[in-house]
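Visitor: okay, sequence plus prediction incoming.
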Amino acid sequence: MFKASTFITLINWRYPQMMSSLPARVRVSRLPLPIAPNVAAQLRHLLPAVQLSTVTQAAAALAGGRVVAVAVLTPQGHMQGIESGWRGKGIEQALTDAMQQDIPGQQEAGQP
């Protein structure tokens, strides 16, 4: 299993265009499913109504080694949760862009 920081580094190298308009210390990437427990705890904090078992795609924004924003896709739609101090800094669009990126070798949950 990847540590979150390792996975973020791999995605940043593979998809550098996702990082163009963010503050210098923020990194955004898609998350592998199932979501790691430490990221899942932050996701529950930022999006308490989301049931993790229904998440088919997820992305996170990390700043200073902690999750400051998440985006998920569920059968009910696309949802984002962002800490109040990080709103309006381009993270919303970066999360949306990350959710639209294809990750080689990863399939959506529930698909063969």
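Guide: That came in fine, so what should we check first? Numbering: from 1, shown residues only.
Visitor: only C-alpha atoms from now on, for both contacts and neighbour counts.
Guide: Will do.
Visitor: so what secondary structure elements neighbour the longest strand along the chain?
Guide: If each strand of the chain is counted by residues according to DSSP state E, the longest one is strand 66-74. Judged by 3 or more CA pairs under 8 Å, 6 or more residues apart in numbering; DSSP states H and E, the packing partners of strand 66-74 are helix 37-46, strand 57-63, strand 77-82, helix 91-100.
Visitor: which non-adjacent residue is nearest Ala69?
Guide: Nearest residue to Ala69, sequence neighbours excluded (CA to CA, 6 or more residues apart in numbering): Ile82, at 4.2 Å.
Visitor: per-residue confidence for that neighbour?
Guide: pLDDT recorded at Ile82 is 92.
Visitor: do the same with Phe7
Guide: pLDDT, Phe7: 45.
Visitor: looking at this protein, which helix or strand is least sure?
Guide: helix 4-14 (a mean of 45; mean pLDDT, DSSP states H and E).
Visitor: how about Leu46, what does it touch?
Guide: 69-70, 81-83 (CA atoms under 8 Å, 6 or more residues apart in numbering).
Visitor: that older thread, which stretch among the helices and strands packed on strand 66-74 approaches Leu22 most closely?
Guide: Among the helices and strands packed on strand 66-74, the nearest to Leu22 by CA to CA is helix 91-100 (6.6 Å).
Visitor: residues making contact with that closest one?
Guide: Residues contacting helix 91-100 (CA under 8 Å, 6+ apart): 18-19, 22, 28-30, 57-61, 69-71, 80, 82.
Visitor: ok, now with 10 Å
Guide: Helix 91-100 has contacts (CA atoms under 10 Å, 6 or more residues apart in numbering) with 11, 15, 17-23, 26-31, 57-62, 68-73, 78-82, 86.
Visitor: ok so, going back, pull the contacting residues for the residue nearest to Ala69.
Guide: 43, 46-47, 60-61, 67-71, 88, 91-92.
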